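Fold the following and give me the result.
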Amino acid sequence: MRKPAAIEHLYLDFDGFFASVEQQRDPDLRGRPIGVVPYEGGKTCIIACSREAKAQGVKNIMMVDEAKRLCRDLILVPQKPALYRRAHNELIAEIGSVIPIDVVKSIDELACRLDDIHRRDPAALAQRIKQAIRYNIGATITCSIGFATNRHLAKIACSTQKPDGMTIWSPEVMPAPLFKLALDDIPGVGSRMKRKLALARIVTTEALYNTQPKELRAIWRNVTGERLWYALHGYAVEAPPTQRGMFGHARVLPPESRTQSAARDVARLLLIKAARRMRRGGYYAGCLIIWVQLYGQQWSRMQTLPQVNDDQALLTTLGTLWAAMQQEVGTRVKLLRVGVTLGDLTPADARQLNMFCDDDVERKKWSRIGEAIDGLNTRYGRTVASVGPWSPPAGGNVGGKISFTRIPTAEDFE
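Below is the predicted model of the structure:
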C-alpha cells in the first residue's frame, strides 16, 4: 500500500451549518445564540446551534428545556431544509471555483484531492476558499479545513481547530498531533468501540496507533479495524465503493400530530416520499420496516415484500404493520416519532419475480399509475397527485428533512 510523502487531501467542515445559514439569512440573528429546532412550540430538541450558543454550553441533540437553562436568551428557530439545500449548492459552487471537489460527504462536509500546485501552499489555498465564501456568500458562514496525506487524517485535522480553523498535518509532523487527541475524537471509534478497546487495554490514541493492524481487525471483527490502522499511519487508504442499502425517512412529530391517527398520516407521507426516491433511483424494495418512538419505549417491525416499488403495495403493507403496532402497544398511546425504511433493494434491471406470488399483472397496473403520478408531480414541481390524501403536518419538511448525511434534491420538496 502506498504511503504518500506529502499532503494529498483537503477536508472541509462548515461550522454550525444550519445555524450559520439562519444567521446569514436574518441579520437580526447574527452574533446571538440560536438553536435550530424541528418545529415551533412543544418540547423538542436542538438539532443545530450557533457558536454563540455553544459558548454557553448548548450542544446539538440537546432538549430545549436543558438548553434554555444553560442559555436563557437562546433564540429558537424552526428548521428550513429547502433553505439549507440552496445554501449548500451555492457553497459547493463557490468552493468548486477554487478547487475541484472530490466528494461531498454530507450537507456540511466535503473533501478535495490536491494536485501539485495546490500542495505548494495549502494555507493560501484555505484562505482563498474562506475568502470566496466570505465575499460571495456571507461572513457568517465559516468553515474549518484540514490537510493530510489521506482523507481520514484530513477529517481529524479539520476538527482540531474549530470554528473557522485551518490545520496542516504534513507527514513530517506525524504522528505527534494524533497523540494529543482522545480516542473518541477518531472517526470510527464510538462509545461501543471505545469499550471494546478498553477491554484490550487500548485507552489512548497513541496506544491505538501502536497496536498491530491484525489486532485491530480482530477487535473490530472485520477489515475496518485494519483499514483504520493504515489510515492513521498516513497510507493512501481509499474508501471502498458503497452500494445503496435503503431508502427511508423519519420525523419528530409536532404535538398536534402525536395521536395515532395523525401519526399514521405522517407515516403515509414519509413512505410515499421514500418510494418516490426509490423509483427515481431505479430500485425495488424487498422489505418495509416501520418504527415508532413512544414515551419510554420503541416499537419496530419488518415485513418482507415481493420486490415492489409502487405506492399501493407499500401503503397496503404499512396498514398491516400499523395494525400490528396498535395491537401490541394499544390504540391510545401517543407517539413521539415515526420512521419508515425500504430495504433489501434490487436494481430495476435485476428484479426477479417471486414464482409463488402471482400478482405481476396487478403490480404492472399500479406501476403505470405511479409513473403517471410521478410525472405530474415532476412537471409541476410539487405534489399535485398522490395515492390517497396528501396533507403535510405543521412545519412541512416531509421527505425534505436534512439529516446531515443526505442532501435532498429539489424533488424532495414537492
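
which regions of the stretch 1-150 of the chain sit below the pLDDT cut-off?
41-43 (pLDDT under 70).

how about the strands of the stretch 151-300 of the chain, start to end?
Secondary structure of the stretch 151-300 of the chain, counting by DSSP state E, counting those that start in this stretch: strands at 166-168, 246-252, 283-294, 297-308.

Check which residues of the second one are buried.
In terms of neighbour count (16 or more other C-beta atoms under 10 Å), strand 246-252 has its buried residues at 247-252. For the C-beta atoms, the positions are set from N, CA and C on the backbone; glycine is no exception.

Which residue, neighbours along the chain excluded, lies closest to Met1?
Leaving aside its sequence neighbours, Met1 sits nearest to Tyr235 (C-beta to C-beta, 6 or more residues apart in numbering; 4.9 Å).

Trp291 too?
Ser300 (3.6 Å).

Compute the distance between the one you found and Trp322, please.
Ser300 is 12 Å from Trp322, where distance means C-beta to C-beta, to the nearest Å.

overlap in contacts of the two?
The contact sets of Ser300 and Trp322 overlap at Ile290 (C-beta atoms under 8 Å, 6 or more residues apart in numbering).

Which of those two has more residues huddled nearby?
Trp322 (19 against 13; other C-beta atoms under 10 Å).

Can you verify my assumption that the residue nearest to Trp291 contacts Ile290?
Yes - here Ser300 lies in contact with Ile290, judged by C-beta atoms under 8 Å, at a distance of 6.7 Å.

picking that back up, which stretch among the strands of the stretch 151-300 of the chain comes nearest Asn377?
Among the strands of the stretch 151-300 of the chain, the nearest to Asn377 by C-beta to C-beta is strand 246-252 (16.4 Å).

Put the alpha carbons of the closest one into PDB.
The C-alpha trace of strand 246-252 is given here as PDB (Å, rounded to 0.1, in the frame of the first residue of the first chain):
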ATOM      1  CA  MET A 246     -32.100   1.500   1.900                       C
ATOM      2  CA  PHE A 247     -34.400   4.500   1.400                       C
ATOM      3  CA  GLY A 248     -36.000   5.900   4.400                       C
ATOM      4  CA  HIS A 249     -37.400   8.900   6.200                       C
ATOM      5  CA  ALA A 250     -38.200   9.700   9.800                       C
ATOM      6  CA  ARG A 251     -39.900  12.700  11.500                       C
ATOM      7  CA  VAL A 252     -40.300  14.000  15.100                       C
END
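
For it, name the packing helices and strands.
Where contact means 3 or more C-beta pairs under 8 Å, 6 or more residues apart in numbering; DSSP states H and E, strand 246-252 is packed against helix 260-281, strand 283-294, strand 335-343.

Kindly present these as JSON lines, with separate columns for distance to Ser144, mean neighbour count and mean pLDDT.
Compiled in JSON lines, these are given as follows (distance: least, C-beta to C-beta, whole Å; neighbours: other C-beta atoms under 10 Å; pLDDT from 0 to 100):
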{"stretch": "helix 260-281", "distance to Ser144": "31", "mean neighbour count": "21", "mean pLDDT": "91"}
{"stretch": "strand 283-294", "distance to Ser144": "33", "mean neighbour count": "21", "mean pLDDT": "92"}
{"stretch": "strand 335-343", "distance to Ser144": "31", "mean neighbour count": "21", "mean pLDDT": "92"}
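
Can I get these in JSON lines including distance to Asp184?
Formatted as JSON lines, the helices and strands packed on strand 246-252 follow (distance: least, C-beta to C-beta, whole Å):
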{"stretch": "helix 260-281", "distance to Asp184": "32"}
{"stretch": "strand 283-294", "distance to Asp184": "25"}
{"stretch": "strand 335-343", "distance to Asp184": "26"}
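
Looking at these, spot the one closest to Asn89.
Here helix 260-281 is closest among those (C-beta to C-beta), at 18.1 Å.

Between strand 297-308 and the closest one, find me the angle.
40 degrees (axes from the mean of the first three to the mean of the last three C-alpha atoms, to 10 degrees).

Might you list the low-confidence residue ranges for the stretch 301-414 of the chain?
Looking at the stretch 301-414 of the chain by pLDDT under 70, you get 351-361, 363, 393-414.

For it, just list every one of the strands.
Going by DSSP E, counting those that start in this stretch, the stretch 301-414 of the chain shows strands at 335-343, 346-347.

With distance to Val21 added, can I get the ones you listed in CSV?
As requested, those are exported to CSV (distance: least, C-beta to C-beta, whole Å):
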stretch, distance to Val21
strand 335-343, 24
strand 346-347, 35
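
between the ones you listed, which one is nearest to Ile101?
Per C-beta to C-beta, nearest to Ile101 of the strands of the stretch 301-414 of the chain: strand 346-347, 26.8 Å.
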